[in-house]
Structures are given as structure tokens and as C-alpha cells.
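A.B. asks: quick one: sequence and predicted model below, then my questions.
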Amino acid sequence: MDTHLLKVNAQKPEPEVIAQAAKIIKEGGLVAFPTETVYGLGANGLDSVAVAKIFSAKGRPGDNPLILHVADLKDVFYLASTVPLKAQLLMEAFWPGPLTLVLPSRTVIPREVTAGLDTVAIRMPDHPVALALIKAAKCPLAAPSANRSGYPSPTTTSHVMDDLAGRIEAVLDGGTTGVGLESTVLDLTEVLPTVLRPGGVTREQIAGVIGQVRLDPGLKNSAALPKAPGMKYTHYSPQAEVILLRGEPELVAAKATELLHLNYEKNLKTALLLSSETWPLVNKAKAVYAREMGSHNALGEVAHKLYHELRMCDQVGGQVILVEGYGEEGLGEALMNRLLKSAGYKLINC
Ligand code: TXA
Ligand code: MG
């Protein structure tokens, strides 16, 4: 099939473009669309046949449930059987925005969406195009990130096209996404609210509204399985081997320089993704690709660039990517979660 690229104004989406995309959704097709986090691959979330197409287009394992995207708070009550006070406080504080809530599900939701669980993940994205599409399609949109399964999530239309051209009906092209990492997935069906996937809204921000929040022990301890089925799969991985280095800039710079030389001797093409602090301390002449990702004090910038730069390292034929790690406070928790996964949990403390 031909994948139509529909250019759309990200701030003021043209109604006729949105209507074209909504028609595809209503007819059971797939449309990729921008959100404030990453591009999503949307289908009518109440149509099991349409939802099944998402899994085949992405090559996604069937036991990995999808997030339902809504544009109206009322829809949450239609999709979830109970909406606890904590959920309502969080919706008020962070929606629209990068926070997904896991709640007990109602039976209207096809089992393809929930992967047979009795819970459902719901969020309201903070992007005019996403909100306009949901409203025009008149249904919640089931939407995972619009990448081939296992690959880094797409933050531009060209990432979506690289992965899914010919496999989906259309892409709404609204430019580059903002946050660059996926939403935080918060489980409110546990006694203690539990972050199943750290993301755009930090644990500190959530705690500020509802008090105690824990991180799913399965994310830190390889003996326990993470509760979000998606978190157990290899993820966010470029083709190249990712090596994660963390420590004082001088020490990271020394280690990166040493590995760069060693790889050069072995004819291994090496890419560098360094913090602004480490950047000036490394001679990049032997690197196939090198980028300054941003400061340790500006993790938003690093998150915004990360998936694009991982994909770029692959495009230039990098075989090894030396990536600098960051502290785990605030957005650093999500950033390090993704980096550790893409590095197969290997971290070199310099
Ligand atoms: O920012 C985002 O969340 C993006 C944009 C498009 O909204 N979406 C996204 O979806 O990242 P996806 O499918 O790539 O990741 C959803 C995560 C997976 O790890 C999945 O296992 C988890 O949420 N999840 C979905 N429903 C769940 C449920 N009922 N219980 C536990 N985990 C759930
Ligand atoms: Mg994904």
C-alpha cells in the first residue's frame, strides 16, 4: 500500500487534513500522528480488527497492550470501570500531557488493546494534531509508538516512514515532537501507585500531587519481571552496539578516547553522543559521527535529541555508539531507563 504523507500545521491543524485522516481511522485504517512525546500509530481503539493491524504493521508481540488516547475527560469514565480520586487529581494536574494512567478496564475495550489484562492504559496527549484527530475520529485512538517493534520511538515523520512506509495508510506530518521520550506509565490499580515506565512526567512531579509513588521493582532488578509487558522486551535499540559511560566529564572523556582508539585499531566505526560538559574534552577525529547532546543540567534537551541521534548513528554506519549517561533525578530517570535498555543494561562507571 502507498503511505500518504499528510502535511499538517502542528499548532493550528487544518480541519480538511484532519478530516482526511479521521476518515481513514473510521474505515478501520492506520494513521501515524504526532504527540508531544513521540509519534503514535493510531487506530480506532474500539475496533478489534483495526487494532490487530497495528500489531502486524509494527511486528509487535500480541501480549503487549496499547495505550488508549482520549481528547475528553469524560471518555475515561466510559473506558475505565473505576476512576479513583488519585487518578482525577493527576488528570487535573498533568493532562493533556505525558502521563498514562493504568486503571481497571470496562468490557467495551477489545482484548487486542488490553492484551487480555483487566486493566487499561489511558492518556490525553498534549498536541493539537493528536487532539483534533481523536475528536474528528469520534473514538479513542489505540496508539503505540509508530516504530517497528524494538527500534527507538520516532520523533519525526521521516523516522516513521523509515520504519512503516508501505505498511500503514497515512502519516500526519506535524514536524518534530517535543519531549522526545514516551509518556510515564503509572499503575493506579496497585495499593501503592507504581511507575511501570518512567517518562515525560517525573516521579517527583507525581508525588507532589498524590504523595508516595514507587518505581516498579521489575525495572531495576532483573530477577523480577516488569509489570508493563512492553518493558520486558529489548527496546529503543539501534542496530549498533550501545556502550554507556557515566562519571565525571574528565573520566568519561578519558574512557571514550581510549575506546575510540581501540575501536579504530580494530576497524570498528564508532559514534559518540556526549554531554556538553564532556564534549570539549574529546578529540573526535576518529569518530564516524559525534554529537553534543546537551548539559547534565538540561536533560530536556538530551531527551529531545536522543532517539533521533541513535537513529543517525545507524544511518552513518556506526557499529559502536559510545553514549554518555546522566544522573537519575527528574527526567534523568526516564532517560537512563531508555539508555540502559539500549545498552543491554551494561553501564561503565568511569
Ligand atoms: O508517549 C507515549 O506513551 C507514546 C505516545 C504515542 O502516546 N506511546 C507509547 O506506546 O509509548 P507504547 O505502546 O510504545 O508503550 C506503551 C507501554 C508499553 O510498555 C505497554 O506494555 C504499557 O505501556 N501498557 C499498556 N497498557 C498497559 C496495561 N494495561 N498495564 C500495564 N502496562 C501497560
Ligand atoms: Mg513503543
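C.D. replies: Received it, and whenever you're ready, just let me know what you need. Ligands and ions are numbered 1, 2, ... in the order given.
A.B. asks: just the helices in this structure please.
C.D. replies: Counting by DSSP state H, the chain has these helices, from start to end: 15-26, 48-58, 74-79, 85-94, 111-114, 128-137, 157-164, 203-210, 249-265, 299-315, 332-342.
A.B. asks: point me to the residue of the protein nearest ligand 1.
C.D. replies: G230 (2.3 Å; CB to the nearest ligand atom). All C-beta atoms are positioned from the backbone trio N, CA, C, and that covers glycine.
A.B. asks: quick one: closest of the helices of the chain to Y39.
C.D. replies: Proximity to Y39 (CB to CB) singles out helix 157-164 among the helices of the chain, at 5.1 Å.
A.B. asks: need the mean per-residue confidence for that closest one.
C.D. replies: Mean pLDDT, computed over helix 157-164, is 97.
A.B. asks: spell out which parts of the stretch 1-150 of the chain neighbour ligand 1.
C.D. replies: Listed as neighbours of ligand 1 in the stretch 1-150 of the chain under the rule CB under 6 Å from any ligand atom: 35, 37-38, 40, 64-67, 98, 100, 102, 114, 117, 119-121, 125, 143-145.
A.B. asks: quick check: closest non-adjacent residue to A21.
C.D. replies: V31 (4.8 Å; CB to CB, 6 or more residues apart in numbering).
A.B. asks: touching, the one you found and L172? I think so.
C.D. replies: Yes: with contact defined as CB atoms under 8 Å, V31 reaches L172; the gap is 6.4 Å.
A.B. asks: residues shared between the contacts of the two?
C.D. replies: A21, L133 (CB atoms under 8 Å, 6 or more residues apart in numbering).
A.B. asks: what about the chain, any weak spots by pLDDT?
C.D. replies: Counting by pLDDT under 70, the chain shows low-confidence ranges at 221-223, 234-236.
A.B. asks: centroid residue for it?
C.D. replies: E182 (2.8 Å; CA atoms, centre = their mean).
A.B. asks: and that residue, how close does it get to P229?
C.D. replies: For E182, the distance to P229 (CB to CB, to the nearest Å) stands at 14 Å.
A.B. asks: quick check: K286 touching H261?
C.D. replies: Yes: with contact defined as CB under 8 Å, K286 and H261 form a contacting pair (6.8 Å).
A.B. asks: is stretch 197-211 positioned near ligand 1?
C.D. replies: Yes: interface with ligand 1: stretch 197-211 contributes R197 (CB under 6 Å from any ligand atom).
A.B. asks: endpoints of that stretch, how far apart?
C.D. replies: Start and end residues of stretch 197-211 are separated by 18 Å (CA to CA, to the nearest Å).
A.B. asks: and that stretch, what's buried?
C.D. replies: Buried residues in stretch 197-211, defined by neighbour count with 16 or more other CB atoms under 10 Å: R197, P198, G199, G200, V201, T202, R203, Q205, I206, I210.
A.B. asks: what sits against the fifth one?
C.D. replies: What it means is V201. Taking CB under 8 Å, 6+ apart, we find V201 in contact with F94, G97, P98, L99, S183, T184.
A.B. asks: repeat that with 6 Å
C.D. replies: Residues near V201 by CB atoms under 6 Å, 6 or more residues apart in numbering: F94, P98, L99, T184.
A.B. asks: any chance of a markdown table for the residues you listed, columns distance to E329?
C.D. replies: Listed next are these as a markdown table, based on distance: CB to CB, whole Å:
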| residue | distance to E329 |
| --- | --- |
| F94 | 19 |
| P98 | 17 |
| L99 | 18 |
| T184 | 15 |
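A.B. asks: what about the residue of the chain closest to ligand 1, how many neighbours?
C.D. replies: By other CB atoms under 10 Å, the residues close to G230 number 23.
A.B. asks: could you check how far it is from T156?
C.D. replies: 22 Å.
A.B. asks: ditto for M231
C.D. replies: 24 Å.
A.B. asks: can you check Q315 too?
C.D. replies: Distance from Q315 to T156, counting by CB to CB: 13 Å.
A.B. asks: more neighbours, the two?
C.D. replies: T156 (19 against 11).
A.B. asks: with adjacent residues omitted, what lies nearest to that one?
C.D. replies: Leaving aside its sequence neighbours, T156 sits nearest to T176 (CB to CB, 6+ apart; 5.2 Å).
A.B. asks: am I right that the one you found is in contact with S158?
C.D. replies: No: if you go by CB atoms under 6 Å, T176 and S158 don't touch, sitting 10.0 Å apart.
A.B. asks: E277: what's it in contact with?
C.D. replies: E277 touches P249, H296, counting by CB under 6 Å, 6+ apart.
A.B. asks: nearest to V323, out of the helices of the chain?
C.D. replies: Closest of the helices of the chain to V323 is helix 332-342, at 6.1 Å (criterion: CB to CB).
A.B. asks: tell me, how many residues neighbour the closest residue to K255 other than its chain neighbours?
C.D. replies: Of all residues not flanking K255 in the chain, C350 sits nearest, at 4.7 Å (CB to CB, 6+ apart). By other CB under 10 Å, 18 other residues sit near C350.
A.B. asks: how far away is C350 from L251?
C.D. replies: Counting by CB to CB, the separation of C350 from L251 is 4 Å.
A.B. asks: before I go, just wanted to say thanks for your time.
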